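Student: structure, please.
(one chain, ligands or ions: 1)
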Amino acid sequence: DAPNLQQIHDDLVALALEAGKMILAADPSSIPIDSKMNSSDLVTATDRAVEHLVSSRLSTLYPSYLFVGEESFVPGTTRITAAPTFIVDPIDGTLNFIHGFPAACVSLALCINRHPAVGVVYNPTTSVLFSAYHNGGAWMQRGPASPKIRLSPGRPLTGLRNALVAVEWGSQRAGENFEVRARVFRELAHEGGGMVHGMRSLGSAAMNVCAVAAGQVDLYWEGGCWAWDVAAGWCVLEEAGGRMVSGNPGGWGVEVDGRVYLAVRGAEGGEGQEEIVKEFWGVV
Ligand code: IPD
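Tutor: Next up is the predicted model:
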């Protein structure tokens, strides 16, 4: 049977709200924290508990679908195949969560053929929920009592010099990857380069992608994102008329390893989308 994307969307929204309650109930000042790659790549007991909740609910609801989660991922063995696969970041923006900066979310996606088909991104601190499913539309809701806004392509894009751009340092703080990021930040800011209006880092890849989908920022670039960082937001972005483009050569789909992602917001009739992407790669 073909997956019922609307039903899966509704189930993921309910699950995200439940996970959100768990995140809000946690006290980040007293929960155990471990570091992964380095001291800026952290995981808390709440990340693990939320992933456990989500994976057990999903295995009951959709037992034949595969599951890839940030905290249970095993480097070198987990691969994303064409089969329906839930891709989950229990807390995207773990550093924000630890510091109490109000931009941490649960990010739930279903990918089919390595492409996001359903996406839900929920920030329990602000109650903002983004969701979408393939060919169904994308929505934003600012809390349970507020109306569900349908996201749609916005005003034309008028070039990098009028753009607000989201960028992140991520957790790779040495070597070639660090140098690339430093160059991107510099070239976008510099008068002799892109000189964008400004740069923002929400500290959550999923929330950056959703900010592009909502037209709050025009572009989001990051080198080194993982599937669970972007998959759910990517669905919201596409359904809102935006596009995800890659700096990596080769097959393009959700990848488990760190990739370069550029998200560009929607525009009426696609006006300016192609041009701003070209301009961006030209500058960085
Ligand atoms: C991280 C956040 C951060 C981004 C990193 C991600 P996590 O995810 O999305 O904004 O810069 O690349 O790994 O560790 O908080 O789930």
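Student: from the rest of the structure, what touches the longest helix along the chain?
Tutor: Criterion DSSP state H: the longest helix present in the chain is helix 5-25. Helix 5-25 is contacted by residues 46, 49-50, 53-54, 57-58, 61-62, 90-91, 97, 104, 106, 108, 110, 117-118, 120-125, 129, 131-136 when judged by CB atoms under 8 Å, 6 or more residues apart in numbering. Using the backbone N, CA and C atoms, a C-beta is placed for each residue, glycine as well.
Student: how long is stretch 243-253 from one end to the other?
Tutor: 13 Å (CA to CA, to the nearest Å).
Student: pLDDT (mean, whole number) over it?
Tutor: Across stretch 243-253, pLDDT averages out at 72.
Student: swap in stretch 102-119?
Tutor: Mean predicted confidence for stretch 102-119 is 97.
Student: residues of it that come out buried?
Tutor: 103-112, 114-119 (16 or more other CB atoms under 10 Å).
Student: how about the longest helix of the chain: buried residues?
Tutor: Quick answer for helix 5-25 (16+ other CB under 10 Å): 5, 8-9, 11-13, 15-17, 19-20, 22-23.
Student: what parts of the stretch 51-200 of the chain come near the ligand?
Tutor: 70, 89, 92-94, 168, 170-171 (CB under 6 Å from any ligand atom).
Student: and the residues you listed as TSV, adding distance to Asp1, secondary structure and neighbour count?
Tutor: Shown next, in TSV, are these (distance: CB to CB, whole Å; DSSP: H, G, I helix; E, B strand; the rest coil; neighbours: other CB atoms under 10 Å):
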residue	distance to Asp1	secondary structure	neighbour count
Glu70	29	coil	22
Asp89	28	strand	31
Asp92	31	strand	30
Gly93	35	coil	26
Thr94	36	helix	25
Glu168	39	coil	22
Gly170	39	coil	20
Ser171	40	coil	18
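Student: in those, find the pair that's most separated.
Tutor: Glu70 and Glu168 (15.8 Å; CB to CB).
Student: quick one, what contacts Gly253?
Tutor: For Gly253, counting by CB under 8 Å, 6+ apart, the contacting residues are 80, 111, 113-115.
Student: who's in contact with the nearest residue to Leu164 once chain neighbours are set aside?
Tutor: Closest residue to Leu164 apart from its sequence neighbours, by CB to CB, 6 or more residues apart in numbering: Val217 at 4.6 Å. For Val217, the contact set (CB under 8 Å, 6+ apart) comprises 163-166, 200, 208, 211, 265.
Student: could I get the contacting residues of the closest residue to the ligand within the stretch 1-150 of the chain?
Tutor: Closest residue of the stretch 1-150 of the chain to the ligand, CB to the nearest ligand atom: Thr94 (3.8 Å). By CB under 8 Å, 6+ apart, Thr94 lies in contact with 42-44, 47, 104.
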